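[1] show me how the following folds:
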Amino acid sequence: MIFDKYCVKSLQYFYLKEMTSLTHGELIKKLRLERNLSQEALSDGITSRNTLSSLEIRKSNSSFQNLFQYCQRMNITLEEYEFLYNGGKVDSKREFATRVSRSFKKNFDPKLVADLKFQYIETHDFFFYSLYAQYYLIKKHFKTSSLSTMSDGAEGSEVYLIRLNIERYLESIYTWGRFELTLFANCLFLFSDEYIRFQYREAIVYMRQFVDSSNYSTDLLKFLINGTQLSFDRNCMENFAIFMKELKKVAKIYADTKASLVVKIFETLHKCRKGEQSQKDLTALKQTLQFLGENTWLTYVLEASDRF
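    Model (predicted):
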């Protein structure tokens with residue numbers, strides 16, 4: 001049977017609409033039956049069959065651990081399960097994050113700024129303030145200021161207040177999670193060199209613990225690259241040495257090609273700045289970046305080398 005795209009979308013709509021009124025137990029049962037699993041097969045080694053049966057007929061609740069293990073056995077991610085449980089609706093945080101991400105490619109949107117501020121005031125959730133801060137700094141302030149000097153915002157300015165609020169938030173969290181680590185990595189340009197060094201140890205130690213997780217390995221690499229580039233732009237050799245040392249470890253231990261490329265870029269630029277690298281080596285680096293199609297890094301190297 002052949003379905004056109006409109007028919008498929010309609011089927012998806014009714015499938016997700018049906019999900020909206022389901023309890024956790026009803027959703028687990030639906031997913032189990034769709035995979036031709038018996039209660040015994042799904043519950044084996046996790047809970048008793050009676051525990052699963054009670055959950056499915058709405059006679060009891062289930063712990064997060066049990067739900068998580070049921071989903072794992074059915075090869076369903078927690079994100080997928082949450083999406084289905086909410087009837088295909090994306091929560092407001094993800095909606096705003098997507099909206100901000102798409103807006104980076106457009107002109108500055110005052111309504112988006114107002115909406116983010118409103119959400120923060122209404123919910124007191126710092127997630128919305130972080131979106132506002134990153135959007136405002138990149139779209140509004142970056143037009144008149146280099147990212148490397150943004151930590152110099154005058155007292156009382158919006159940049160100053162944003163930095164102060166983010167620092168206060170980060171310092172109020174005893175053990176950082178992925179949200180705090182990502183916020184710190186994305187906003188490095190906002191902080192002083194001293195503040196970055198102060199927070200570096202906690203951030204890097206935590207990220208190392210989860211380096212085998214795809215999300216955290218990506219976060220770690222982003223953090224190290226951002227820190228290396230920012231330190232080089234500010235000519236802060238103390239921070240530059242710290243970030244480069246860790247970046248080289250990642251490149252070597254995990255054979256990460258992106259990390260290796262960035263190490264090569266900044267080793268060459270650093271030596272050129274000190275007059276220890278020939279023009280021939282710099283030209284070779286530019287040719288390599290051009291060959292690899294790394295146009296963003298090529299532009300950066302061209303602009304950086306012009307300042308030597």
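[2] what stretches of the stretch 51-200 of the chain score poorly on pLDDT?
    89-90, 141-156 (pLDDT under 70).
[3] what about the helices in it?
    With helices called from DSSP state H, counting those that start in this stretch, the stretch 51-200 of the chain shows them at 64-73, 78-85, 92-103, 110-123, 126-136, 158-172, 178-186, 193-209.
[4] and what of the stretch 201-308 of the chain?
    Going by DSSP H, counting those that start in this stretch, the stretch 201-308 of the chain shows helices at 214-233, 237-253, 257-273, 279-292, 295-306.
[5] rebuild the ones you listed as CSV, extending it with mean pLDDT and distance to residue 85.
    Yep, even glycine has a C-beta here, placed from its N, CA and C like the rest. Formatted as CSV, the helices of the stretch 201-308 of the chain follow (pLDDT from 0 to 100; distance: least, Cβ to Cβ, whole Å):
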stretch, mean pLDDT, distance to residue 85
helix 214-233, 86, 21
helix 237-253, 93, 37
helix 257-273, 93, 36
helix 279-292, 91, 43
helix 295-306, 92, 39
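[6] adding mean neighbour count, write those out as JSON lines.
    Listed next are those as JSON lines, based on neighbours: other Cβ atoms under 10 Å:
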{"stretch": "helix 214-233", "mean neighbour count": "20"}
{"stretch": "helix 237-253", "mean neighbour count": "17"}
{"stretch": "helix 257-273", "mean neighbour count": "18"}
{"stretch": "helix 279-292", "mean neighbour count": "14"}
{"stretch": "helix 295-306", "mean neighbour count": "14"}
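[7] redo those helices as JSON lines? Include distance to residue 34.
    Below are the helices of the stretch 201-308 of the chain laid out as JSON lines (distance: least, Cβ to Cβ, whole Å):
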{"stretch": "helix 214-233", "distance to residue 34": "27"}
{"stretch": "helix 237-253", "distance to residue 34": "41"}
{"stretch": "helix 257-273", "distance to residue 34": "39"}
{"stretch": "helix 279-292", "distance to residue 34": "44"}
{"stretch": "helix 295-306", "distance to residue 34": "44"}
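[8] can you tell which of those is closest to residue 41?
    Nearest to residue 41 among the helices of the stretch 201-308 of the chain is helix 214-233; the distance by Cβ to Cβ comes to 28.8 Å.
[9] how far is that closest one from where the chain is centred?
    11 Å (Cα atoms, centre = their mean, to the nearest Å).
[10] next, the angle from that helix to helix 193-209.
    Using axes from the mean of the first three to the mean of the last three Cα atoms, to 10 degrees, the direction of helix 214-233 lies 150 degrees away from that of helix 193-209.
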